[in-house]
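[1] Give the three-dimensional model of this entry:
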Amino acid sequence: MYILSVIRNRCSCVVGTSRTNIISKSWSSSFLFPKNELYVRTVRAQQRIKQATECPSKFYADGQYLVLDIKKDLVLVNEKRTNDNLHTLLWRPYSDFTSSGFNVTEDAVFLSINDDEKTQFAVPLSSSTEKHADLETKFNGRFVPLRKSLFTLSIAESVVVSQSYSLLQWKRRFNFCPSCGGCLTQHVVGAQKVCSSCNETHYPNITPVGIVLVTNEDHSKALLVRQPMFPAGLYTCIAGFVEVGESIEENIRREVAEEVGLAVHKLDYFGSQHWAIPGSRLMVACIATVHDEEVDIGCDELEDAKWFTPQQVLDAVERVTSQSTKVIMSDPSQLWVPPRGAIAHNVIKYWLKKYHSM
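    Model prediction:
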């Protein structure tokens, strides 16, 4: 076990000026601890790694690596799909990168410690790495569009891709201090940067976005919208960026009023999701109830907004889960919603299950 071996070998990393064990107590097997205690220990271990200014080479040597091309928005996945027709991420050991032009200790970013107690990293392609085709052959995988992968991976793995892409893009683009213009120095594992001039510490940014499924009072209808840029037949939930000074509740109330001219009188929180494309976003999803049902589109962003029955919504969900996007788009008359992997898809399914047992 990775963390256990770190403890047994007394590996430590430097945090500030003191040397601190990655996990303060050792144990012979994770089976001896309840899952919640193991979780706490793992999270604290991850935090120590993120804050480290020096890390033992063992962290890298025993780690697992996910390869992304952040300039072309591609991620490396296993060649074969699962029985559910899902992609799976291709994790490779450190030894695979010693002769492929990668500089893991300089370019990789730390992601997490997995259930097998292995450190996981994301590493980008560079001009010195091997070509796509060569890496696909060497690693027995293939590069797929990153945006597509968010819908064709499991929810857990799509979160990993989203995290990886956002951290690697931040590391590549954010190089100068917004306060004084000084050069930023990268922390070892990519969790923060420090200004070499004013010593200010900077962390990856994330932008909050409210997303909402609007329903009428008896939940007999759901309001879905589409933008002009959407593929034919695609409708989704209302969404918009949180403005300065707004809470999520205020953001959603404003967005619904702006876009479809309806006043929200009840709001229920559903859940949240990190989304990396086109930038690092935190999607916060809710279900909003309105009294009035007369829609008045009030912005150029929307092409259409319609009320749909539960059966229509269910048909749209089943269509997108049972057919490929290519097949769906071949018939522009058919309604469909965002695929699995998107929080809009999940909040729609939740509404169907909770209020209509569908």
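[2] mind listing what the residue nearest to L184 when sequence neighbours are not counted touches?
    The shortest distance from L184 to any non-neighbouring residue, by Cβ to Cβ, 6 or more residues apart in numbering, is to K193 (4.0 Å). (C-beta placed from N, C-alpha, C; glycine too.) When contacts are counted by Cβ atoms under 8 Å, 6 or more residues apart in numbering, K193 touches F174, L184, T185, Q186, H187, T201, H202.
[3] swap the cut-off to 6 Å and go again
    L184, Q186, H202 (Cβ atoms under 6 Å, 6 or more residues apart in numbering).
[4] Could you tell me how far the last one is located from A191?
    According to Cβ to Cβ, to the nearest Å, H202 and A191 sit 11 Å apart.
[5] can you map out the helices along the stretch 1-150 of the chain?
    Along the stretch 1-150 of the chain, the segments classed as helices by DSSP state H, counting those that start in this stretch run 2-8, 35-51, 57-61, 104-107, 132-139, 146-152.
[6] Just name the most buried of those.
    The highest mean neighbour count among the helices of the stretch 1-150 of the chain, using mean count of other Cβ atoms under 10 Å, belongs to helix 146-152: a mean of 20.
[7] That one - what's its average pLDDT?
    Across helix 146-152, pLDDT averages out at 87.
[8] now that helix: how far from the chain's centre is it?
    11 Å (Cα atoms, centre = their mean, to the nearest Å).
[9] So what touches that helix?
    Applying Cβ under 6 Å, 6+ apart, the contact partners of helix 146-152 are D73, V75, H87, S158, V161, Y165, I277, P339, G341.
[10] Surely the second one and D69 touch.
    Translated: V75. No - V75 is beyond contact range of D69, at 7.7 Å (criterion: Cβ atoms under 6 Å).
[11] So this protein: which segments form each domain?
    Using automatic domain parsing, the domain parsing of the chain gives 2-168, 174-204, 207-356.
[12] gap between the two ends of the last one?
    Using Cα to Cα, to the nearest Å, the gap from the first to the last residue of domain 207-356 comes to 33 Å.
[13] My guess is V77 contacts L86. True?
    No - assessed by Cβ under 6 Å, V77 is found out of contact with L86, at 9.6 Å.
[14] In terms of neighbours, single out the busier of these two.
    V77 (23 against 17; other Cβ atoms under 10 Å).
[15] If you average pLDDT over each of the domains of the chain, which is lowest?
    For the domains of the chain, where the average pLDDT is lowest is domain 2-168, sitting at a mean of 76.
[16] Now for the closest residue to V214 other than its chain neighbours, how many residues are close by?
    Among residues not flanking V214 along the chain, L223 sits closest, at 4.0 Å (Cβ to Cβ, 6+ apart). Neighbour count of L223, defined by other Cβ under 10 Å: 24.
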